[in-house]
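Asks: 3D, please:
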Amino acid sequence: MVGITNKIMLAEIRRQQQLSQSIVEGQTAISTGVTLNKPSDNALAWVQVSDIGRAQAQQASWQANISYGSTRAATAEDNLSEINTLLTRAQELMTSARNGTLNNSSRAAYAEEMKTIRTTIDSLLNQKDYQGNPVFDDGQSVLVPVSRGLNLAVVGTRQEVSTGIDVNGTPMSIDAILAQSVAALETGTDSDIASGLDAIKAGQNHVVVEQTKQGVRGDRLDVIKQRLTTVGIDLKERRADLESTDLTEVISSVSAKLLQLDAAQSAFARINQQTLFDLIK
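Replies: Numbering: from 1, shown residues only. Okay, here's the model as predicted:
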């Protein structure tokens, strides 16, 4: 009889300990707002939350790629805009040089400014960012993963921007066009200056087209970024629905368990005070 009684008492102690732990977990869920902390809380919900967590990690990687890609795209667009501005100034110099009123000193000054434009444009084309990556890719655009199965070129190549310009049927680079203009200003005839002006116009038209392409790349990144943001919000809401505490239900459950534990402890205390003779009556 004593052995049976001891077993009953140990079982009751374990039951009260489990009840106390359940109350603590409920109180933690109320204070943190999260009720799903381990698989045994809700196996199906735990699997779904794990899947959502992996999706959120992937989303974060894509968002980081888009953020960096957008920075590169914006820098490339700024550089193209500056190149366009410099080519506009180059046209002004060549047009002024054709009016026939410039003396040798003025032509030399124009030539020096044209050399500065050439050097600046070359610097813009070969510029690197803070990570050491070129503003414009070399040879082939680097593809950046931005969502499942989608890799985008965020900038054009230096070759696309600066070479293959059709100047009266002859492919030329921006650097060659500006070198031709410098020579025309220094020693050339009016016809040489006119040819240089036409070449600069062709170069600027080419840059304008590249600006448009770069703008399209930037816009596409913005669209995908917005779409990822929307998906991210949906995932966050789904996860919150699975993990968050139903306060009404949990508070009610904790209150009921507290009453159960109090009653069980009171009964256990009374029983524990009885003697062996009381128990075997």
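
Asks: and the pLDDT at residue 44?
Replies: Looking at residue 44, its pLDDT reads 77.

Asks: gap between it and residue 50?
Replies: 11 Å (Cβ to Cβ, to the nearest Å). Every residue, glycine included, has its C-beta placed from N, CA and C.

Asks: for the stretch 101-250 of the chain, which segments are assigned as strands?
Replies: Ranges of strands in the stretch 101-250 of the chain, per DSSP state E, counting those that start in this stretch, are 143-147, 150-153, 165-167, 170-172.

Asks: any idea which of these gets closest to residue 227?
Replies: Proximity to residue 227 (Cβ to Cβ) singles out strand 143-147 among those, at 7.6 Å.

Asks: quick check: neighbours of that closest one in the sheet, parallel or antiparallel?
Replies: strand 150-153 (antiparallel) (DSSP bridges).

Asks: mind listing what's buried in stretch 161-171?
Replies: 161-162, 165, 167 (16 or more other Cβ atoms under 10 Å).

Asks: so what touches it?
Replies: If you take Cβ atoms under 8 Å, 6 or more residues apart in numbering as the criterion, stretch 161-171 is touched by 80, 83, 125, 136, 172-175, 177, 198-199, 202-203, 206-207, 210.

Asks: quick check: mean pLDDT across that stretch?
Replies: Mean predicted confidence for stretch 161-171 is 95.

Asks: quickly list what residue 165 is bridged to.
Replies: Here residue 165, judged by DSSP bridges, has bridge partners residue 172.

Asks: pLDDT weak spots in the chain?
Replies: 1-13, 15-42, 100-101, 242-281 (pLDDT under 70).

Asks: how's it carved up into domains?
Replies: 2-35+245-279, 46-242 (automatic domain parsing).

Asks: point out the most buried one among the ones you listed.
Replies: domain 46-242 (a mean of 16; mean count of other Cβ atoms under 10 Å).

Asks: export stretch 50-63 to PDB, keeping only CA atoms.
Replies: Presented in PDB, the C-alpha positions along stretch 50-63 are these (Å, rounded to 0.1, in the frame of the first residue of the first chain):
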ATOM      1  CA  SER A  50      10.600  26.900 -41.300                       C
ATOM      2  CA  ASP A  51       9.700  27.100 -45.000                       C
ATOM      3  CA  ILE A  52       8.800  30.700 -44.600                       C
ATOM      4  CA  GLY A  53      12.100  31.400 -42.800                       C
ATOM      5  CA  ARG A  54      14.000  29.900 -45.700                       C
ATOM      6  CA  ALA A  55      12.000  32.000 -48.100                       C
ATOM      7  CA  GLN A  56      12.700  35.100 -46.100                       C
ATOM      8  CA  ALA A  57      16.400  34.400 -46.100                       C
ATOM      9  CA  GLN A  58      16.300  34.100 -49.900                       C
ATOM     10  CA  GLN A  59      14.300  37.200 -50.200                       C
ATOM     11  CA  ALA A  60      16.900  39.100 -48.100                       C
ATOM     12  CA  SER A  61      19.700  37.900 -50.400                       C
ATOM     13  CA  TRP A  62      17.800  39.100 -53.500                       C
ATOM     14  CA  GLN A  63      17.000  42.400 -51.800                       C
END
